[in-house]
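S.K.: I would like to see how this sequence folds:
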Amino acid sequence: MAEDLMRARQRPRTGGQAGFSMIEMLMTAFILAVGLLGLCMLQTLSLRASRGSRSLNTAVQVASGVMDRVEMEGRLSWLNITDNPAVAPTIANLPNLLYIPLALGASLNQSFNLRGELPTASPDPTVSTPFFTVVTKHVDNVGTGAGVGQISDFSVTVSFTDTLNAAAGPVTRQVVLTRRIIHG
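M.R.: A predicted model of the protein is given here:
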């Protein structure tokens, strides 16, 4: 009897079909589709995160560049006062300063494009469209520097919108830098 059972297992089927059934094929296609949709969503999230980090990196560079310019203007105005004691030096001697002449509490608003530059007329929207809003503010007068000049706190705030929240509304992000500057 055991030999009959072994022969029955080794005999090829003659009446049935060999291969996959339609239900097995549909289940395989469904599982594959769910997996591919998951990979597509992961790719979308990855691209969104990459864009957000690139925008944040550019915002930090813009804020740092503006703050460096404030510091450079402060040094220039300081040198104007200390290097020429015979003439009564004033900020008026340096007409191209943007940030140092700001009164206490005053601010200067500027816009920068996606590249971190001032927008210019161009058919390229990354060059011509303002993306970052920069507010430079004279926050506080701390005191005088070695009897001459002034020590002040300046703040640069860069705001931008690059993502959407769950309700498809814009999310505004900010970068803030503050430095103490000695100036004339």
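
S.K.: how about stretch 161-171: buried residues?
M.R.: For stretch 161-171, burial by neighbour count (16 or more other CB atoms under 10 Å) applies to Asp162. All C-beta atoms are positioned from the backbone trio N, CA, C, and that covers glycine.

S.K.: make that stretch 104-116, sorry
M.R.: Applying 16+ other CB under 10 Å to stretch 104-116 flags Ser107, Leu108, Gln110, Phe112, Asn113, Leu114, Gly116 as buried.

S.K.: from these, which is closest to Gly143?
M.R.: Ser107 (21.6 Å; CB to CB).

S.K.: ok, the closest residue to that closest one other than its chain neighbours - contacts?
M.R.: Nearest non-adjacent residue to Ser107, counting by CB to CB, 6 or more residues apart in numbering: Lys137, 4.1 Å away. When contacts are counted by CB atoms under 8 Å, 6 or more residues apart in numbering, Lys137 touches Leu102, Gly105, Ala106, Ser107, Leu108, Phe154, Ser155, Val156, Thr157.

S.K.: Any idea what Leu108 is bridged to?
M.R.: Note on Leu108: beta-bridge partners Thr136, judged by DSSP bridges.
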